[in-house]
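> Just need the structure, nothing else, for what follows:
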Amino acid sequence: MNTTARQKVYEILKSPPSHDNPQGRAVASVLILLIFLNVIAAVLETDNGIYQQYGQMLDMFAFFSVVVFLVEYILRVWCCTEDPQYHAPLTGRLHYIATPLALIDIAVILPFLLLPFLLLPFLAAFPRLFWMVRFSRIFWILKIGHYSQSLKTFAQVLKAKKGEIFIAFFAMLVLLVLASALEFLAENQAQPTKFSSVIATLWWGVETLATIGYGDMVPVTPQGKFIAGFVALLGIGLFALPAGILASGFVEALHKDENEKQKSNTCSHCGKDIRKEPDEEKR
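Have a look, this model is predicted:
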């Protein structure tokens, strides 16, 4: 009976829920709605007027949400042994607890669990601490990875393309440092307060590579203007590089999913579509 119950809970909470499990989709929809409501509440609480008027109600809603997510976390740890990769009762659960999504779950719950026992004595000295704990609900949106196949695909793409993405960002970092160093040499004497060091000029490099141009650090020397124009042109192409890598990763992932679906719907012996009725094939 316990195994059957654990299997049923696992199917409901499985990440992400399968399309043939209406209970799993319903639970996921409710939890996603709860996450978004908490994000909205965390944003509203930053307004002193709203919090003074509705603060008690918002705090009660936060407490209710934490209880719901705590129960969800306990159930996930309890039933994770139904997954073959976490099959061992003790080591399997420890392995699951160390996964990124499970760590996000505990990071969501832990600050609120510690608040009554460890943080309240410090509230008189650090009143902003309580506000920071409540505001941390805005990061609960990271939990949506449990319930979304799209986010799961995004994580798979990042994992598959991590080498190419690392190279792209490393190239951006090298260009940022070199551009900032050259701009510092060109502008330091003309604007010693703004371009006071390479570290200070790094902010100019970020603005220029991202083609933002806030206007707080503008080169005035001919050499500085030439470097700025060249770096801006490089930045346009360089910032598009990670986007191209991710786009190709998504295309590969979608093709892979389509091929897997096609294989699952095709008979391994005759190669026919198993979804079609015999009468349809005769027609």
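> can you count the residues close to A179?
Look at A179: counted by other C-beta atoms under 10 Å, it has 24 neighbours. For the C-beta atoms, the positions are set from N, CA and C on the backbone; glycine is no exception.
> Could you pull up the residues touching P89?
By C-beta atoms under 8 Å, 6 or more residues apart in numbering, the residues touching P89 are T81.
> I meant to write S196 there.
Applying C-beta under 8 Å, 6+ apart, we find S196 in contact with N188.
> To which secondary structure element type does it belong?
Under DSSP: H, G, I helix; E, B strand; the rest coil, S196 falls in the coil class.
> Okay, it and G224: tell me how far apart.
Separation of S196 from G224 (C-beta to C-beta, to the nearest Å): 14 Å.
> Apart from its neighbours in sequence, what residue is nearest the residue nearest to the spatial centre of the chain?
Closest to where the C-alpha atoms of the chain average out (C-alpha atoms, centre = their mean) is L142, at 5.1 Å. In space, and not counting its chain neighbours, L142 is closest to I104: 5.0 Å by C-beta to C-beta, 6 or more residues apart in numbering.
> Now that neighbour, what are its backbone angles?
Dihedral pair for I104: phi -60, psi -40, per degrees, to the nearest 10.
> Show me this protein divided up by domain.
Per automatic domain parsing, the structural domains of the chain span 2-147, 162-264.
> Could you pull up the mean pLDDT of the longest one?
It stands for domain 2-147. For domain 2-147, mean pLDDT rounds to 83.
> same question, the last one
Per-residue confidence for domain 162-264 averages out to 86 on the pLDDT scale.
> Tell me the gap between it and the middle of its chain.
Relative to its parent chain, domain 162-264 has a centroid offset of 22 Å by C-alpha atoms, centre = their mean, to the nearest Å.
> next one: the first one
For domain 2-147, the gap between its own C-alpha mean and the chain's C-alpha mean amounts to 15 Å (C-alpha atoms, centre = their mean).
> Which parts of the stretch 51-200 of the chain are helices?
91-97, 100-114, 127-135, 149-160, 162-187, 198-209 (DSSP state H, counting those that start in this stretch).
> Sounds good, over and out.
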